Every structure is written in structure tokens, then in C-alpha cells.
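# pasting the sequence and the predicted coordinates here, then a few questions.
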Amino acid sequence: MSGVWVFKDGVVRLVENRVSDGTHRKQLVHVPSGERITSYQMLESKLLALGWERYYHDPQLIQFHKRSSVHLISLPKDFNKFKSTHMYDIVIKNRNEFEVRDL
């Protein structure tokens, strides 16, 4: 991950660099199929197959929970705001199923 750390209102966050055409440099990949995840519909189908359930409690987020764990995946509603930090969260909670690759 590369970018600039920004301190605003008492919170530090990483603002990621983007390629000149506005696309992300990272891509979430479903390892067993080799498919690049290009939409939330695609991601949801993969997560449901792994035993994740969709939560509908917060209209601002897309959330998934796995009954066999305490893990919760929270994603921004807009796929264009899907950042590498969200991708790594999915990878850590689904070892050997997803990975983040450079484009």
C-alpha cells in the first residue's frame, strides 16, 4: 500500500495513491477460480459459498458475518470506495480463498 498519511479531526488515515486513469493498483482475486472480483455481487456470491451471511443492519455499509466466528466484514456501499484495506480484511478472514494482487 502506498499513499499519504493524513491527520484530520484527531484521526490518522492512509489516502492511497491511484494510477493516473483513476483505477486502483490493487485487485482482489478469488484464488480457487482465479477470478478478479469486479463487483459486490461477485464478491457476495463467493462469500456466501464460504458460509458468510449478509447483514442488513446499516444502510451505509455492506456487511457479512460468519456464524462460526466473531468476524465481521464491513464494506462501503459504493464499490468505487472499495480500497485495499477492505481487500486485506477479506483476505485475512478467508485465508487461502482470496489474495490481493497488483494490477
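In hand now; what should we look at? Residues are numbered from 1 along each chain as shown.
# ok, now which ones touch residue 77?
Residue 77 makes contact with 59, 60, 61, 62 under the criterion C-beta atoms under 8 Å, 6 or more residues apart in numbering. Quick note: C-beta positions are derived from backbone N, CA and C, even for glycine.
# out of these, which are buried?
For these, a neighbour count by 16 or more other C-beta atoms under 10 Å gives the buried set as residue 62.
# adding secondary structure, distance to residue 98 and pLDDT, write the contacts of residue 77 out as a markdown table.
A markdown table is the format used below for the contacts of residue 77 (DSSP: H, G, I helix; E, B strand; the rest coil; distance: C-beta to C-beta, whole Å; pLDDT from 0 to 100):
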| residue | secondary structure | distance to residue 98 | pLDDT |
| --- | --- | --- | --- |
| 59 | coil | 26 | 89 |
| 60 | coil | 24 | 90 |
| 61 | strand | 19 | 95 |
| 62 | strand | 16 | 96 |
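# just the contacts of residue 77 now: which is nearest residue 33?
Nearest to residue 33 among the contacts of residue 77, counting by C-beta to C-beta, is residue 62 at 20.9 Å.
# test my guess that the closest one contacts residue 47.
No - at 10.1 Å, residue 62 does not count as touching residue 47 under the criterion of C-beta atoms under 8 Å.
# separation between residue 44 and residue 58?
Plainly put, residue 44 is 16 Å away from residue 58 if you go by C-beta to C-beta, to the nearest Å.
# these two - which one has more neighbours?
residue 44 (16 against 10; other C-beta atoms under 10 Å).
# so what's residue 3 closest to, chain neighbours aside?
Nearest non-adjacent residue to residue 3, counting by C-beta to C-beta, 6 or more residues apart in numbering: residue 16, 4.1 Å away.
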